[in-house]
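Participant: take a look and give me a structure for this.
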Amino acid sequence: MKKLLTISLALGLSTLLMANEPTTPNKTEVKTTQIDEHGIVTKQSAVDVNTTMNRLETLVTKKGANVFNRIDHQANAKKAGGADIDEAQLLIFGKPKVGLKMMTKDPKAGLDLPLKMLVYKAKDGQVYISYRDVAFYEKIYNLEGCKVHYKMSKFLGMLSSKVTLSQEEFDAFLATKAKESKK
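Facilitator: Okay, the predicted model is just below:
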């Protein structure tokens, strides 16, 4: 288990290092990025749940991925008459053509596909984004010879780094992207 945790931490760290970090680092995010023994990456967001999720949905769409569903767990709990829970939203998204590459190696990879990212307000009052690092899938599924999960891991690392930025940092990121697209 200790070896698995070390591997997971290394995978998570490599994901963070490979991701295109903002020109002005998000100091909150750097201090609060965690990866657990199950490959779950958690990063603190500098903005509220809805803003983080809206940014995520926008960036996923701009990158050409399909948004399959956006689930509001808090609203569903209220409709069901259940306990009052804090804000929590799940985005389910992906590119079937990319996921198919993993599923042809091991159909069970479909248990973790399409991709999912959860944005929630925790008991400490902070907002977080969590997702399973796709690089961790090689520990769960037989993906020998398949490298697409590393690209997907990098993509999720980039997304989570961008959507958790402060408003000022996110605006600067968008401005940079706008300048790049005009070239």
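Participant: next one: phi and psi at the nearest residue to L143 once chain neighbours are set aside?
Facilitator: Using C-beta to C-beta, 6 or more residues apart in numbering and skipping the chain neighbours, the partner closest in space to L143 is K105 (4.9 Å). Heads up, the C-betas are built off the backbone N, CA and C, glycines and all. Phi and psi for K105, reported as degrees, to the nearest 10, are phi -80, psi -40.
Participant: residue contacts, K105?
Facilitator: With contact taken as C-beta atoms under 8 Å, 6 or more residues apart in numbering, K105 is in contact with 141-146.
Participant: just the buried members of those?
Facilitator: 141, 143, 146 (16 or more other C-beta atoms under 10 Å).
Participant: below-threshold pLDDT in the chain: ranges please.
Facilitator: 1-31 (pLDDT under 70).
Participant: the protein: strands as residue ranges?
Facilitator: 34-35, 40-45, 66-72, 88-94, 115-121, 127-132 (DSSP state E).
Participant: what pairs with the first one, parallel or antiparallel?
Facilitator: When sheet partners are counted by DSSP bridges, strand 34-35 sits next to strand 40-45 (antiparallel).
Participant: go ahead and name everything in contact with the strand it pairs with.
Facilitator: 12, 15, 28-29, 31-36, 52, 119, 126-133, 156-157, 160-161, 163-164.
Participant: quick one: F173 and K162 touch, right?
Facilitator: Yes - between F173 and K162 there is a contact under C-beta atoms under 8 Å: 6.0 Å.
Participant: where along this protein do the helices fall?
Facilitator: 2-18, 27-32, 49-62, 73-79, 96-105, 137-140, 148-163, 167-182 (DSSP state H).
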